[in-house]
Every structure is written in C-alpha cells, then in structure tokens.
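*Asks:* Here you go, sequence then predicted model.
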Amino acid sequence: MSILIDQHKKVIVQGITGREGMTRTRLMLDYGTQVLGGVTPGRGGQEVYGLPVFDTVQEAVDQLGNIDVSVIFVPAPLVKDATLEAFDAGIMLAVLVPDRVPIYDVLEVHYYAQERGASFVGPNTLGLLSPGKAVLGMMGGHAKSAQAWFKPGNVGVTSRSGGMTSSLAYYLSQAGIGLSTIIHVGGDALVGLPHPEVVKRFQEDPETDVIVMFGEIGTSQEEKVAELIASGRVTKPLVAYIGGRAAQKGTRFSHAGAIIEGNRGTYEGKVKLLQEAGAHVVEEFQEIPKVTLKILENLS
C-alpha cells in the first residue's frame, strides 16, 4: 500500500504547457500516473501529449470528473492562487513544486487547506513516488530511472532534502529494501505536510512497517516526530538521520528551512530527543540501509 498517491488517483497538472510542466507530465505519464489533463489560463482547447488543456481547474473537473490531485508547475508568485483554485474545485491534494513561494502565501494556503479539509505537499518539493504505482512531481527525473532505482516494499521514506530523498531511496533499494512511498516534504521553513504529518500517515498505513526519516537542522519537525514516538502515537520503528551537524548558528544549511535560530532546531537537540524517544538515530548517512535491514530482519 502507499500513502497519498497510487495508480488509482486521478491527477491534473496546473501549468502543463510550460517547459517544466510538459517535461514532468511526460515523466508522470511514462511512470504510470493517471494524469487526465492540465490547466493553463488562455490555453484551453490545446493538447499536451494527447491530454486536454483547460483554462480553469473547475472546467477540468467539469469535463474530466472527480480529480484527486493537482501537481502545480507555475511561477512562484502564482502558486497561491493556483492552489486555492484547485481546492475550490474540490481537489483534496496539491503538490507545490516551485521554490521561492512567499511565506505569507504559504500561510494563506495552509489555513485555506485546513478550512477545506485538503492537504498539500511542498512548496519547494520534488514531489512523491509510490514505487511501481505512480509519481507526482519530478522525482527520478525520468520514468526509466525511477523504475530502475526505486523498488516497491514496506519501508516509508520522508525527507527534507530533494537530492537526499532520491539518494536515500536509491541506496535503500540497492540494499534490497523495498519502499512503500517516498516523500520529499519540501525544503522551506513552512510546508504543507511536514515530517510529523507524514510519519502519522505511515503509522496508519498497514503495509508500511518501518519509517526512514532524513531530517535537518532548523524548524521543529524532528522534535515533533520525537514527541509522537514518546507519546505512543507512533509505534513503528523509525530510522533517523539529521543533516547539518557542523552548521553554525545563523548559517543556512542548503535549504531555506535549515537554519538554526537561537537554541531552536539544533542538531544536538534533535538527536537527543529522537534517541530518548526510542528512534534509531544514525550518525553516518551510509548506516541507514544497514540499520533498516537489521530492523526488518527482527520484524520478520
């Protein structure tokens, strides 16, 4: 099983006629994602890879029927309006791929999603992938590489780094570990589904047995995951790696959200809380597959 995406979910692409929208639509189609069409204002009536293009999301829903997911490839200043339009049309999950989306726009999307009971991944995300089923966004780059790199199974992956999401999933698969869903939550300080929300969904997924988390300094996402484990709300084994051990206060570590401010979001604080809660925290990235394999063997 998978969380958020599978081969049955119906998908549209907002910004489908742009360069990135077209390229990533090809990836999603080739991988097997059920992309039904796209939206670009002023381009209604055109086609992309045989898919119909509509001027508005509501027109797409009216013509195509119920849509589960919108993957958004529009310029950052337009992301807020595109996402709200998707929610207004009844779409319950949006994937916000662009980076540099203004934080106040993300806040508006966050509160609007709460009102509608909807969810969003990102912004600043590669997206998510359920091996052998479907991909949303740009993970894997090309369908053939994504199909070769990521194997289906019972380990869920959640990561704050785009590049490390792919690397982590690749090395787990190379070690013979199958994956249920791979999610890049996004690299910004505020994202729609941060680690704690993703981990809770993996906890509820009957076919995810182990969770692997790539964390970073900055924000309180990993601390909140530790609280979930300590409180018993998450009981599945969790393997965690925290990036940014050598970063200094006030120094950004790769992503907008990976910055230590005061005493919040430190490497030491995250590791301490996760270890005390019972997570399997590794110091070296290459230890992740080995530790995960050992946990899987103990579960079998």
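*Replies:* That came in fine, so what should we check first?

*Asks:* show me the contacts for Thr33.
*Replies:* With contact set as Cβ atoms under 8 Å, 6 or more residues apart in numbering, Thr33 has these partners: Ile5, Gln7, Lys9, Val11, Ala134, Val135, Leu136. In short, each C-beta sits where N, CA and C put it, glycine included.

*Asks:* can you tell me which two in the residues you listed are farthest apart?
*Replies:* Distance extremes for the contacts of Thr33: the farthest pair is Gln7 and Leu136 at 11.9 Å, using Cβ to Cβ.

*Asks:* Compare those two and say which is more crowded by neighbours.
*Replies:* Per other Cβ atoms under 10 Å, whichever of Gln7 and Leu136 has more neighbours is Leu136, with 31 against 13.

*Asks:* In three-state terms, label the more buried one for me.
*Replies:* strand (DSSP: H, G, I helix; E, B strand; the rest coil).

*Asks:* quick one: it and Lys200, what's the gap?
*Replies:* With the distance defined as Cβ to Cβ, to the nearest Å, Leu136 ends up 19 Å from Lys200.

*Asks:* same check, this time on Thr25
*Replies:* With Cβ to Cβ as the criterion, Thr25 and Lys200 are 30 Å apart.

*Asks:* out of these two, which sits in the busier spot?
*Replies:* Between Thr25 and Lys200, Thr25 has the larger neighbour count (other Cβ under 10 Å), namely 26 against 16.

*Asks:* ok, the closest residue to that one other than its chain neighbours - contacts?
*Replies:* Distances taken as Cβ to Cβ, 6 or more residues apart in numbering place Val13 nearest to Thr25, at 5.1 Å, with adjacent residues excluded. Going by Cβ under 8 Å, 6+ apart, Val13 touches Gly21, Arg24, Thr25, Met28, Val35, Gly37, Gly38, Val39, Ser70, Val71, Ile72, Phe73.

*Asks:* same check, this time on His110
*Replies:* By Cβ under 8 Å, 6+ apart, the residues touching His110 are Leu190, Gly192.

*Asks:* Which pLDDT value belongs to the nearest residue to Leu193 once chain neighbours are set aside?
*Replies:* Spatial nearest neighbour of Leu193, excluding adjacent residues (Cβ to Cβ, 6+ apart): Val121 at 5.3 Å. At Val121, the model reports a pLDDT of 98.

*Asks:* Tell me if I'm right that Val121 and Leu128 touch.
*Replies:* Yes - in this structure, Val121 is within contact of Leu128 by Cβ atoms under 8 Å, at 6.2 Å.

*Asks:* what sits in contact with each of these two?
*Replies:* Common contacts of Val121 and Leu128 (Cβ under 8 Å, 6+ apart): Leu4, Val95, Leu136, Ile183, His184.

*Asks:* okay, the residues you listed in JSON lines with pLDDT next?
*Replies:* Shown next, in JSON lines, are the shared contacts of Val121 and Leu128 (pLDDT from 0 to 100):
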{"residue": "Leu4", "pLDDT": "97"}
{"residue": "Val95", "pLDDT": "98"}
{"residue": "Leu136", "pLDDT": "98"}
{"residue": "Ile183", "pLDDT": "98"}
{"residue": "His184", "pLDDT": "98"}
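
*Asks:* Pull out the buried members of those.
*Replies:* Buried by 16 or more other Cβ atoms under 10 Å: Leu4, Val95, Leu136, Ile183, His184, out of the shared contacts of Val121 and Leu128.
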